[in-house]
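[1] Quick one: sequence and predicted model below, then my questions.
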Amino acid sequence: MCVCIPGQVVAITDAAHRLARVQVGGASREVSLACIVDDAHPLQSCVGDWVLIHVGFAMSRIDEAEARKTLELLATLGDIEPRLAEQHETRRRPADQRDAPQR
C-alpha cells in the first residue's frame with residue numbers, strides 16, 4: 001500500500017528540472033512536478049495547486065477540500081497510532097502479565 005500526502009505548491013524552484021517548493025503540514029519540501037505538467041497545465045500554472053505527493057513526486061492534483069479532508073484523516077491516524085502500538089504490545093505479553101504495569 002502506498003500513502004500519498006497532500007501539499008500545496010508554493011513556488012517553482014528549478015524550472016529546468018520541474019522542481020517546486022511544496023507546503024506539507026506546516027513544513028516545506030522540494031518535490032518534482034514532472035508527473036503532473038503537460039501542455040494544458042504548464043509548470044508555472046502549478047503554483048497554488050494542491051497535489052498528492054509520494055516519494056518526492058507530485059502524483060496528481062486534487063482540490064483543496066479533498067486535501068484538507070486527507071490531512072485531517074492523517075492527523076487522526078497520527079493521534080491513534082500510539083494507542084494502537086500500546087494495544088499491540090499488550091497482546092504480545094503473556095496473558096498472566098497483560099494487566100501488570102509495564103516497567
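    Received it, and whenever you're ready, just let me know what you need. Numbers count the residues shown, from 1 in each chain.
[2] C-alpha only now, for contacts and for neighbours.
    Fine.
[3] Show the contacting residues for residue 13.
    Taking CA atoms under 8 Å, 6 or more residues apart in numbering, we find residue 13 in contact with 19-21, 30.
[4] Look at it and report its pLDDT.
    pLDDT, residue 13: 98.
[5] Quick check: it vs residue 36, distance?
    The gap separating residue 13 from residue 36 is 16 Å, by CA to CA, to the nearest Å.
[6] what bits of the chain have low per-residue confidence?
    Along the chain, segments meeting pLDDT under 70 span 1, 81, 84, 88, 91, 93-103.
[7] where along it do the strands fall?
    5-14, 19-24, 27-32, 50-54, 57-62 (DSSP state E).
[8] need the contact list for residue 62.
    Counting by CA under 8 Å, 6+ apart, residue 62 touches 49-52.
[9] ok, 7 Å please
    The contact partners of residue 62, taken as CA atoms under 7 Å, 6 or more residues apart in numbering, are 50-52.
[10] Now flag whichever of those is closest to residue 68.
    residue 50 (9.6 Å; CA to CA).
[11] Setting the sequence-adjacent residues aside, check what's closest to that closest one.
    residue 8 (4.4 Å; CA to CA, 6 or more residues apart in numbering).
[12] What separation is there between the one you found and residue 66?
    Per CA to CA, residue 8 is found 12 Å from residue 66.
[13] Looking at those two, which is more packed in?
    Shown here are residue 8 and residue 66; by other CA atoms under 10 Å, residue 8 has more neighbours (24 against 12).
[14] partner residues bridging the more buried one?
    Residues in a beta bridge with residue 8, per DSSP bridges, are residue 23, residue 50.
[15] ok, now which ones touch it?
    22-24, 48-51.
[16] Just give the number of residues close to residue 35.
    11.
[17] wait, residue 17
    Counted with other CA under 10 Å, residues neighbouring residue 17 total 11.
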